[in-house]
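Asks: for reference, the sequence and a predicted model appear below.
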Amino acid sequence: GAVVSQHPSWVICKSGTSVKIECRSLDFQATTMFWYRQFPKQSLMLMATSNEGSKATYEQGVEKDKFLINHASLTLSTLTVTSAHPEDSSFYICSARGGRGPGGELFFGEGSRLTVL
Amino acid sequence: DQQVKQNSPSLSVQEGRISILNCDYTNSMFDYFLWYKKYPAEGPTFLISISSIKDKNEDGRFTVFLNKSAKHLSLHIVPSQPGDSAVYFCAASIMNRDDKIIFGKGTRLHILP
């Protein structure tokens, strides 16, 4: 089946530094990828929709200058957490749809746990 | 404003019995519903889905029931197995509008030996 890979799976950084997380669709092309964030004991929160070749669409309340998304190719989207702070510590998950349309199966990456000291 | 609600944060079920996970939604525009399973420190994996034109969809041990008038859906797992212990997320979307999927907070299922 379709596979979505994230890297790194975990990262620890100092406050004020920037961290980049990669999301790759390994055996299919994804014109759209999604980035989610999950706090402990909470739901997956959609942060933004990453569109290949165009600007990402951010959900309300998500700072686009804080969470930079780049979708440079049909198989790669990156999320950069800029000037990270401890409150940015979270589990970040990307996903991509293997087929067309919202009813198709959504494949998720393994997730990346960010800890900001 | 939580559009997809899973009011039970956790559920414990004896191995071999039926597990029933519930989900309510508020947006009547939702017409496609999905269930995902998630293990700790991993991304969610798709389990089963249902379109609003149906009221039941079955796949092996998993059955999803949809009650549109009540804006309620449920996931039945029978018989429950130890490997079913995980967090289950209910999700909803509006087909042919965008690809956004709205998730509930999840229900942690414990299968007891």
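Replies: All right, it came through fine. Numbering: from 1, shown residues only, chains lettered A, B, ... in the order given.
Asks: contacts for stretch B:4-12?
Replies: By Cβ atoms under 8 Å, 6 or more residues apart in numbering or on different chains, the residues outside stretch B:4-12 that reach it are A:41, A:43, B:19, B:21-26, B:88-92, B:102-112. Where you see a C-beta, it was placed from the backbone N, CA and C, and this is true even at glycine.
Asks: and for residue 3, nearest residue in space, chain neighbours not counted?
Replies: In the absence of a named chain, this looks at chain A. residue A:26 (4.3 Å; Cβ to Cβ, 6 or more residues apart in numbering or on different chains).
Asks: that was the other one, I meant chain B.
Replies: Closest to residue B:3 by Cβ to Cβ, 6+ apart is residue B:27, at 4.8 Å.
Asks: residue B:100 is in contact with that neighbour, correct?
Replies: No. Counting by Cβ atoms under 8 Å, residue B:27 stays clear of residue B:100, with 11.3 Å between them.
Asks: how confident was the prediction at the residue nearest to residue A:3?
Replies: At residue A:26, the pLDDT value in this model is 88.
Asks: confirm for me that it is in contact with residue A:5.
Replies: Yes. With contact defined as Cβ under 8 Å, residue A:26 and residue A:5 form a contacting pair (5.6 Å).
Asks: higher neighbour count, these two?
Replies: Remark: of residue A:26 and residue A:5, residue A:5 carries more neighbours, 16 against 11, as counted by other Cβ atoms under 10 Å in any protein chain shown.
Asks: just give the nearest non-adjacent residue to the residue of chain A found nearest chain B, would you?
Replies: Nearest to chain B, among the residues of chain A, is residue A:108, at 3.4 Å (Cβ to the nearest Cβ). In this structure, residue A:108 finds its nearest non-sequential neighbour in residue B:43, 3.4 Å apart by Cβ to Cβ, 6+ apart.
Asks: what is the burial count for the closest residue to chain A within chain B?
Replies: Of the residues in chain B, the one nearest chain A is residue B:43, at a distance of 3.4 Å by Cβ to the nearest Cβ. If you count neighbours by other Cβ under 10 Å, residue B:43 ends up with 23.
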